[in-house]
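**Q** here's a sequence, model it:
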Amino acid sequence: MIGPQVTYLGLLWRTGRTVGRTIWARPGATPSDNDPLVGVMVTDELAAEVVRAHNSALLDRALDPGRQDNT
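**A** Residues are numbered from 1 along each chain as shown. Now for the predicted structure:
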């Protein structure tokens, strides 16, 4: 590993505002130019689906903290 591992799994994610293939973590309430990059997908559609699935799972867990994921 090159540097310290940072995880953004507990934050909401968003797609890029100019390049829709990028996925960014959203530490604040609104998108910012300082949001950390999570990764880049092959297509805009794939990035949107990944963000939707991640945010949906995150919100489901917040609404039902005792929930067990089937992963």
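**Q** every contact and neighbour count from this point should use C-alpha atoms.
**A** Noted.
**Q** tell me the secondary structure for the one residue sitting closest to the centre of the chain?
**A** The residue lying closest to the centre of the chain (Cα atoms, centre = their mean) is Trp13, at 2.8 Å. Following DSSP: H, G, I helix; E, B strand; the rest coil, Trp13 is assigned to strand.
**Q** shaky segments in this protein?
**A** Scanning the chain for pLDDT under 70 picks out 1-6, 67-71.
**Q** ok so, going back, excluding its backbone neighbours, what's nearest the residue nearest to the centre of the chain?
**A** Ala25 (4.4 Å; Cα to Cα, 6 or more residues apart in numbering).
**Q** quickly find the element holding the one you found.
**A** Element membership of Ala25, judged by DSSP states H and E, is strand 22-26.
**Q** what does that strand contact?
**A** Strand 22-26 is contacted from outside by 8, 11-16, 32, 35-41, 44, 47, 51, using Cα atoms under 8 Å, 6 or more residues apart in numbering.
**Q** mark which of those residues are buried, thanks.
**A** Neighbour counting with 16 or more other Cα atoms under 10 Å marks Leu12, Trp13, Arg14, Thr15, Gly16, Asp35, Leu37, Val38, Val40, Asp44, Ala47, Val51 as buried within those.
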